[in-house]
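Q: Sequence unavailable; structure follows:
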Ligand SMILES: CC(C)(COP(=O)(O)OP(=O)(O)OC[C@H]1O[C@@H](n2cnc3c(N)ncnc32)[C@H](O)[C@@H]1OP(=O)(O)O)[C@@H](O)C(=O)NCCC(=O)NCCS
């Protein structure tokens, strides 16, 4: 019987650092509001001309190298982004061409901030079924291009940052590390709590996009911040408890909790609800902001390479590997957990 595990991780952050004081030049806001309400102090912005697939390329190369593989050993590419290179076809195709992977299967998924965990679930099932041996998952976001500094858009605009992360999933032959569970949820009743209305076939007219859509801000994210905050805290906390229950564990068994880096105040509320010691929680949202689906793979890679997950900081537990719980929540609503032994 084949099990799967994470073979390699990688990430890429564009070099340009944008502080809250820089954001204050783009919209009417203050450093005090941003820090008090979100904890974010800076984020990265890609340069003009840089796309989601461009950011994903170095992240993917790093993950494949970390896995000890050559790029031509990848046989499925999964891509998640809410900032695709073009309206169509999917962003995975553009990334595939840049990675030089002609002929392999590619799959775009659109699960917003939970894209990494949905991607892990798909990869895990394909690897365990023997359909694909090495699956590359890329999550990349150029959210700076979606910033709307208007009165209606600034509540979310202050959170956003750019970045890309990637994982390689493949067969586990050491019997020690592996993907133990992936648990996926969604509730489309909340879809309009954070969404972009245009362009869209639901607008009820012939034109794909109009000047009025642009003038009315329909091309920008619109967020009911309180609904997103409350649902994010509730669903990510539930996802933690559900994963522990399904796997017959308690919080004491978990070495590292990596939540989606939505907003520091949300993370603090989740930490209080699930009663996890803060030193077990990986947090980088102050430095990079909310990078949607890119948050989790970047955090996992940084946690590994900082020694928090795989280094000598803590003694190995549960059969030698660190037990890492990933949880995510995003627009849709979508939420999910993955328990992995690294
Ligand atoms: C973004 C967030 C901090 C905004 O807080 P909020 O209380 O919900 O904000 P609201 O949109 O209701 O606005 C409250 C007040 O703050 C103001 N405000 C909103 N954004 C602002 C900004 N960037 N700067 C200054 N003031 C701002 C509003 O104008 C409003 O002022 P008013 O009462 O005078 O009208 C909060 O909703 C939040 O963190 N939500 C979760 C967001 C998130 O994590 N999203 C990603 C999920 S993956």
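A: That came through fine. These numbers come from a predicted model, not from an experiment. Numbering: from 1, shown residues only.
Q: Next up, the contacts around residue 271.
A: Residue 271 sits next to 278, 281 when contact means Cβ atoms under 8 Å, 6 or more residues apart in numbering. Heads up, the C-betas are built off the backbone N, CA and C, glycines and all.
Q: And what about it, helix, strand or coil?
A: Three-state assignment for residue 271 (DSSP: H, G, I helix; E, B strand; the rest coil): helix.
Q: I'd like the distance between it and residue 3.
A: For residue 271, the distance to residue 3 (Cβ to Cβ, to the nearest Å) stands at 31 Å.
Q: so, in contact with the ligand or not, stretch 112-125?
A: Yes. Contact of stretch 112-125 with the ligand (Cβ under 6 Å from any ligand atom) involves residue 113.
Q: Residue 326 versus the most centrally placed residue in the chain, what's the distance?
A: Most central in the chain under Cα atoms, centre = their mean is residue 293, positioned 2.2 Å from the mean C-alpha point. Residue 293 sits 12 Å away from residue 326, taking Cβ to Cβ as the criterion.
Q: which residues are common contacts for these two?
A: residue 116.
Q: so residue 92 is in which element?
A: helix 91-99 (DSSP states H and E).
Q: who touches that helix?
A: Taking Cβ under 8 Å, 6+ apart as the rule, helix 91-99 contacts 51-54, 56-57, 60-61, 71, 74, 77-79, 81, 84-86, 102, 104, 106-108, 136, 138, 140.
Q: Filter the residues you listed down to the buried ones and hand me the PyMOL line.
A: Selection command for PyMOL covering only the buried members of the contacts of helix 91-99, criterion 16 or more other Cβ atoms under 10 Å:
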select buried, resi 51+52+53+54+56+57+60+74+77+78+79+81+84+85+106+107+108+136+138+140
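Q: what about residue 46, which SS state?
A: Classified using three-state DSSP, residue 46 is coil.
Q: Break down the stretch 151-300 of the chain into its strands, ranges please.
A: Taking DSSP state E, counting those that start in this stretch as the test, the strands found in the stretch 151-300 of the chain are 162-172, 178-186, 194-195, 222-223, 256-259.
Q: In the stretch 201-342 of the chain, what residue lies closest to the ligand?
A: Nearest residue of the stretch 201-342 of the chain to the ligand, counting by Cβ to the nearest ligand atom: residue 225, 2.1 Å away.
Q: Which residue comes closest to that residue once chain neighbours are left out?
A: residue 155 (4.8 Å; Cβ to Cβ, 6 or more residues apart in numbering).
Q: Next, work out how far apart that neighbour and residue 196 are.
A: To residue 196, residue 155 is 14 Å away according to Cβ to Cβ.
Q: again with residue 40
A: In this view, residue 40 and residue 196 are 21 Å apart by Cβ to Cβ.
Q: Test my guess that residue 14 contacts residue 43.
A: No. Counting by Cβ atoms under 8 Å, residue 14 stays clear of residue 43, with 10.0 Å between them.
Q: Can you pull the residues of the stretch 101-250 of the chain lying near the ligand?
A: Residues of the stretch 101-250 of the chain lying near the ligand by Cβ under 6 Å from any ligand atom: 113, 154-155, 158-159, 225-226, 228-229, 232.
Q: got these as CSV, with pLDDT and neighbour count columns?
A: Below are those laid out as CSV (pLDDT from 0 to 100; neighbours: other Cβ atoms under 10 Å):
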residue, pLDDT, neighbour count
113, 98, 31
154, 94, 18
155, 94, 20
158, 96, 25
159, 96, 25
225, 95, 14
226, 96, 10
228, 97, 22
229, 97, 17
232, 97, 26
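Q: Please flag which of the residues you listed sit within helices.
A: 154-155, 225-226, 228-229, 232 (DSSP state H).
Q: Make CSV from these and add distance to residue 297 to it.
A: Below are those laid out as CSV (distance: Cβ to Cβ, whole Å):
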residue, distance to residue 297
154, 28
155, 26
225, 25
226, 28
228, 22
229, 24
232, 19
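Q: Those residues: which two are farthest apart?
A: 154 and 232 (18.9 Å; Cβ to Cβ).
Q: now the strands of the stretch 151-300 of the chain as CSV including mean neighbour count?
A: Formatted as CSV, those follow (neighbours: other Cβ atoms under 10 Å):
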stretch, mean neighbour count
strand 162-172, 27
strand 178-186, 19
strand 194-195, 18
strand 222-223, 18
strand 256-259, 26
